[in-house]
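K.L.:
A predicted structure for the sequence below; I have some questions about it.
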Amino acid sequence: MGDTDIVRVSCATENCGTFPMDKALNKRLRRSGNTFTCPAGHKQSYNTTDPKKELREEISRLKQKLSRTEGRLENYRDNLSDMWDDLREERELREAIEKSILEDVDGAVEILEGRWKWACECGNKTTATYDTEREAWGKYDAHRERLHDDAGAIEA
Ligand SMILES: [Zn+2]
Ligand SMILES: [Zn+2]
């Protein structure tokens, strides 16, 4: 390796001095702007910044990001639509079950595990769901007190 293959590089840090570097490597570093280290450990790179190039790269990154986001949004929409259908079916099913349970009930009844409703023989029933049997009975009793006389007949 002759002297022509080696260049002396000045460290970017003040008063650090110069150090030898392979010429071809130096050329690549100048082109790429990649980080390199002087023998004393100072990290540095050649400034290859071209504002227009950076802007173009940024725009292209943003465009890619946008198209990825659009793709995800599309998937999300499809999934959401499926989910919505499932939810609607589930809700309709649950409502049908609740309705059939409440039809023959007079008092509180457990609709789902730990979920209580009440219905009255007069045809009134709760739209709310309660966490405890006691609460559901309480609301049922309140309804009886409000709308029924002692004999249990509904007041006009
Ligand atoms: Zn240095
Ligand atoms: Zn009633």
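P.N.:
Looks like it came in fine. Numbers count the residues shown, from 1 in each chain. Ligands and ions are numbered 1, 2, ... in the order given.
K.L.:
just checking, what packs against the lowest-mean-pLDDT helix or strand in the chain?
P.N.:
Comparing every helix and strand of the chain by mean pLDDT, DSSP states H and E singles out helix 51-103 as the least confident one, with a mean of 87. The criterion is 3 or more C-beta pairs under 8 Å, 6 or more residues apart in numbering; DSSP states H and E, and the helices and strands that helix 51-103 contacts are strand 107-112, strand 115-119. All C-beta spots, glycine's among them, are computed from the backbone N, C-alpha and C.
K.L.:
now do it: distance to the chain's middle.
P.N.:
Mean C-alpha position of helix 51-103 versus that of the full chain (C-alpha atoms, centre = their mean, to the nearest Å) differs by 11 Å.
K.L.:
same question for stretch 19-38.
P.N.:
Averaging C-alpha positions (C-alpha atoms, centre = their mean) puts stretch 19-38 44 Å from its chain's average.
K.L.:
do it and ligand 1 meet?
P.N.:
Yes: using C-beta under 5 Å from the ion, stretch 19-38 comes into contact with ligand 1 via Cys38.
K.L.:
for that stretch, buried residues please.
P.N.:
By neighbour count on 16 or more other C-beta atoms under 10 Å, the buried set for stretch 19-38 is Met21, Asn26, Leu29, Phe36, Cys38.
K.L.:
gap between the most centrally placed residue in the chain and Leu87?
P.N.:
Taking C-alpha atoms, centre = their mean, the centroid of the chain lies closest to Tyr76, which sits 10.9 Å from it. Note on Tyr76: its distance to Leu87, by C-beta to C-beta, to the nearest Å, is 16 Å.
K.L.:
hey, what's Ala119 bridged with?
P.N.:
Applying DSSP bridges to Ala119 yields these beta-bridge partners: Gly107, Lys125.
K.L.:
where do the domain boundaries of the protein fall?
P.N.:
Here the chain is described, according to automatic domain parsing, as comprising the domains 46-98, 104-156.
K.L.:
now the last one: average pLDDT?
P.N.:
For domain 104-156, mean pLDDT rounds to 87.
K.L.:
tell me the gap between that domain and the middle of its chain.
P.N.:
On C-alpha atoms, centre = their mean, the centre of domain 104-156 falls 40 Å from that of its chain.
K.L.:
got it, and the first one?
P.N.:
For domain 46-98, the gap between its own C-alpha mean and the chain's C-alpha mean amounts to 11 Å (C-alpha atoms, centre = their mean).
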